[in-house]
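**Q** pasting the sequence and the predicted coordinates here, then a few questions.
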Amino acid sequence: MPPAQWTHENIDYMRNQLKRLGFGYDWDREVATCDPEYYRWEQWFFTRLFRKGVVYKKTAMVNWDPVDNTVLANEQVIDGRGWRSGAVVERREIPQWFLKITDYADELLNDLDQLDGWPEQVRTMQRNWIGRSEGVEMHFGIAGREETLSIYTTRPDTLMGVTYVAVAPEHPLASEAAAGKPELQAFIEECRNSGVAEAELATQEKKGVDTGLKAVHPITGAEVPIWVANFVLMAYGSGAVMSVPAHDQRDYEFAQTNDLAIKQVIHPASDAQVADLATAAFVEKGVLQDSGEFSGLSSAQAFAAIGDWLEQAGKGARQVNYRLRDWGVSRQRYWGCPIPVINCPACGAVPVPEADLPVLLPTDVSVDATGSPLKKMDAFINTTCPECGGSAARETDTFDTFFESSWYFARYACADKTDGMLDERANYWLPVDQYVGGIEHAVLHLLYARFFNKLMRDEGLLDPDEPFTCLLTQGMVLKDGTKMSKSKGNTVDPQGLIDRYGADTVRLFTMFAAPPDQSLEWADSGVEGAYRFLKRLWKMAQQHVAGGAVPELHKDGLTDRQQALRQRVHATLAKVSDDVGRRYTFNTAIAANMELMNEMGRLDDASGQGRAVMQEALETVVLMLSPIVPHVTHVLWHALGHEQAIIECSWPVVDESALVQASIELVVQVNGKVRGRISIAADAGKAAIEAAASGEENVLKHIADKPVRKIIIVPGKLVNVVI
RNA sequence: GCCGGGGUGGCGGAACUGGUAGACGCAGUGGACUCAAAAUCCACCGGUAGCAAUACCGUGCGAGUUCGACUCUCGCCCUCGGCACCA
């Protein structure tokens, strides 16, 4: 099936299902990111960023399947082999487009502090992802050469303990040194035979080979060997690291395996710590020794002193570094938004002029097994250069789909706009008050969307600094213990349940299963319970209504049982208001309503005031449940005698006077173990509570003849007698 | 490997700020109703001992802090998500 047809059919199916579930979306604002009416504006925006210099092209590593001749996603590389061909995957460098997200690293980091409505764990993950560090960038000499080797370190205090230097296999120095060295060549070749995913690189066995070259220590002038190591990442820092095996565990292990020197220069600052280099590196900060003029300084002092020394000697400078890398937006795929660039042999890469946008993605394509069909379509590729008019080739890469999802929320505000990306309505609606998304998006999507928001702000398209004021990260729905996903084929379609039980039951069941921020193993088995509960509610309301007119409620003339039920109604309302409004724990809100319903079923009071209390209870339950089960409560609200539709009603208000209780139950513990319960006046004083507690029969038994050392009272909850 | 979560009955989960562990629901067991079944209603439902009252044990494992720990601290195990081309 053609991708366009498949996508639109899926959208239609989902829209229909969401409508059947009764979600209150404004469908006039619907956008489909695969429609040219949508993606033309990100093409337009990209060309603006291009001219502004936010966009640039450089080569980057991809997974290359040499049999299928195609680029593979990390997900498609299984145990180092292509998922379809089974061929050993190679790393290959190809030119790609990047957005300078690192220019915004500081702002993206600092603004996290303002996002009070975000879960702390998501902010922490983003902070760690951005990974700001302060260190020193310095230049090691290379023995017998003019050029130098750039190295970034966050621990300049350990500089005097350097015993070797390691570079990435892709480092120019590595390939240079490999000439005439078969062993080194073979090692670099071996490193090419792995995927590009960080997880893969980080878990592989740490290996390296000596280049034979020597690096010259910037301070001592001593020569240390330069190794090529598979754990050094070309993409981070300068692709080279200084190694201090005495004070870094990875360097320590590498030095042990490869018989490299270990030189201790940091010693514990206090007797509480020990540095035993026979077993492990000493990675803490401490006091320098064997460090020449820096000996005796603390790590913090040495950081400054060594930084100053290098700066004065012109051999380095203090530098802030980020783990965050620029965002590669090129994909060698067909189904996506074409990158609006024309490659001219004379003028280079030229953005498509605004008048020629959008660059339409052809839909009349034949999709075969390998590679993007765009790369074989001469009619799409052949064009003329907008600058010189000569013949030129259209870019065949498409955008990362995160590009689309990074600004759709803004487009919702002006989805019908045909002559621009956004208008002033974006400022009216944005930022989004409450954003809901899966926890799997905690870093990538949510960071790209924040970045895009700032880009749009700097282009004058909108005002807010941040796109989402409050964030609720949903846990994932798991099936068979793992994330549901199309590629795993373990998705669950609720359509069958909707057909059988109706939308309200499915909504209730879904909300009752677990709190929204927690992951959940999907199982149909609880659905019956949700269905039964709604039937019970229906029956209870209908039976009550069948009893005829209900007199007005007189709060002061109620029996104890009537009063007790009213107390429960308002206590439940208070709890549910908090659960729904503050905690978002809809499961406990539903459970509280179930408990209340169990109590209501026990009242069985046909008197006028009994029915009045029941009327209030039913109305409160129906109102509390109306956001969760809107259809059944809509009907019941009318049945309970109201003209107005329930969707127009406001949330009920707690009657504080109904919450007052004359006597309360306290748990009595002896040494922290529950030994009994006492019922006592709610306003009883300390002495009365102590007397009642220590007089309880089972408590007396446990105290026996031992002296009571103290009595702890937790108001409204418990009494602990300590003996 | 690194970053962030999670681990509580047969199952999903509750216990919100250190104060009654297992709310609520599912499954199960027993009973009522029925010719019967379904539906519905009632009771029981962590383990061990006991007729019971009750006692002891029990929140992944091991230590610790506290009158009191599912909750806090330290160390470990397992598991889920993310790791830049799944989106």
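**A** Yep, it's here.

**Q** contacts only, for residue A:4.
**A** Residue A:4 is in contact with A:34, A:363, counting by CB atoms under 8 Å, 6 or more residues apart in numbering. Just so you know, the C-beta spots here come from the backbone N, C-alpha and C atoms, and that holds for glycine as well.

**Q** so where does it fall, helix or strand?
**A** If you go by DSSP states H and E, residue A:4 is part of helix A:3-20.

**Q** please tell me how far residue A:721 sits from residue A:219.
**A** To residue A:219, residue A:721 is 69 Å away according to CB to CB, to the nearest Å.

**Q** now residue A:709
**A** The gap separating residue A:709 from residue A:219 is 65 Å, by CB to CB.

**Q** the two: who's more crowded?
**A** residue A:219 (19 against 9; other CB atoms under 10 Å).

**Q** what about the helix or strand harbouring residue A:721, near RNA strand B?
**A** Using DSSP H and E, residue A:721 falls within strand A:718-722. Yes - Strand A:718-722 reaches RNA strand B (CB under 7 Å from any atom of the strand) through A:718, A:720, A:722.

**Q** tell me how many other residues crowd the second one.
**A** Okay, so that is residue A:720. 19.

**Q** residues in contact with it?
**A** A:668, A:669, A:670, A:671, A:672, A:711, A:712, A:713, A:714.

**Q** those into JSON lines, with extra columns for pLDDT, distance to residue A:126 and secondary structure?
**A** JSON lines is the format used below for the contacts of residue A:720 (pLDDT from 0 to 100; distance: CB to CB, whole Å; DSSP: H, G, I helix; E, B strand; the rest coil):
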{"residue": "A:668", "pLDDT": "93", "distance to residue A:126": "49", "secondary structure": "strand"}
{"residue": "A:669", "pLDDT": "93", "distance to residue A:126": "44", "secondary structure": "strand"}
{"residue": "A:670", "pLDDT": "92", "distance to residue A:126": "49", "secondary structure": "strand"}
{"residue": "A:671", "pLDDT": "91", "distance to residue A:126": "47", "secondary structure": "coil"}
{"residue": "A:672", "pLDDT": "91", "distance to residue A:126": "42", "secondary structure": "coil"}
{"residue": "A:711", "pLDDT": "91", "distance to residue A:126": "49", "secondary structure": "strand"}
{"residue": "A:712", "pLDDT": "93", "distance to residue A:126": "43", "secondary structure": "strand"}
{"residue": "A:713", "pLDDT": "92", "distance to residue A:126": "45", "secondary structure": "strand"}
{"residue": "A:714", "pLDDT": "92", "distance to residue A:126": "39", "secondary structure": "strand"}
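
**Q** ok, and of these, which contact RNA strand B?
**A** Checking those against RNA strand B (CB under 7 Å from any atom of the strand), the matches are A:669, A:671, A:672, A:712, A:714.

**Q** those residues: which two are farthest apart?
**A** A:671 and A:714 (15.1 Å; CB to CB).

**Q** what residues does stretch A:345-353 touch?
**A** Under CB under 8 Å, 6+ apart, the answer for stretch A:345-353 is A:43, A:46-47, A:50-51, A:57, A:340-344, A:359, A:385-388, A:390, A:392, A:395.

**Q** redo that, cut-off 7 Å
**A** A:47, A:50-51, A:57, A:340-344, A:359, A:385-388, A:390 (CB atoms under 7 Å, 6 or more residues apart in numbering).

**Q** by neighbour count, which of those wins?
**A** residue A:340 (26 neighbours).

**Q** for that one, give me its contacts.
**A** A:43, A:46, A:47, A:351, A:352, A:357, A:359.

**Q** so which of those residues sit within strands?
**A** Using DSSP state E, residue A:351 are the members of the contacts of residue A:340 that sit in strands.

**Q** which of the contacts of residue A:340 scores worst on pLDDT?
**A** Scanning these for pLDDT, the low point is residue A:357. It has 93.

**Q** hang on, the earlier thing: mind putting the residues of strand A:718-722 next to RNA strand B in CSV, pLDDT included?
**A** Below are the residues of strand A:718-722 next to RNA strand B laid out as CSV (pLDDT from 0 to 100):
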residue, pLDDT
A:718, 92
A:720, 94
A:722, 92
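
**Q** hang on, the earlier thing: mind checking which of the ones next to RNA strand B among the contacts of residue A:720 are buried?
**A** By neighbour count, with 16 or more other CB atoms under 10 Å, these hold residue A:669 as buried.

**Q** closest residue of the stretch 501-650 of chain A to RNA strand B?
**A** Closest residue of the stretch 501-650 of chain A to RNA strand B, CB to the nearest atom of the strand: residue A:529 (2.6 Å).

**Q** what is the helix or strand where that residue lies packed up against?
**A** Assigned by DSSP H and E, residue A:529 belongs to helix A:527-546. For helix A:527-546, the elements it packs on are helix A:495-501, helix A:503-513, helix A:586-603, helix A:608-625, helix A:630-639, judged by 3 or more CB pairs under 7 Å, 6 or more residues apart in numbering; DSSP states H and E.

**Q** tell me which residues of that helix are tucked away?
**A** By 16+ other CB under 10 Å, the buried positions in helix A:527-546 come out as A:527, A:530, A:531, A:533, A:534, A:537, A:540, A:541, A:544.

**Q** residues in contact with that helix: which ones?
**A** A:497, A:501, A:504-505, A:508-509, A:512, A:594, A:597, A:600-601, A:614, A:618, A:629, A:632, A:636, A:639-640.
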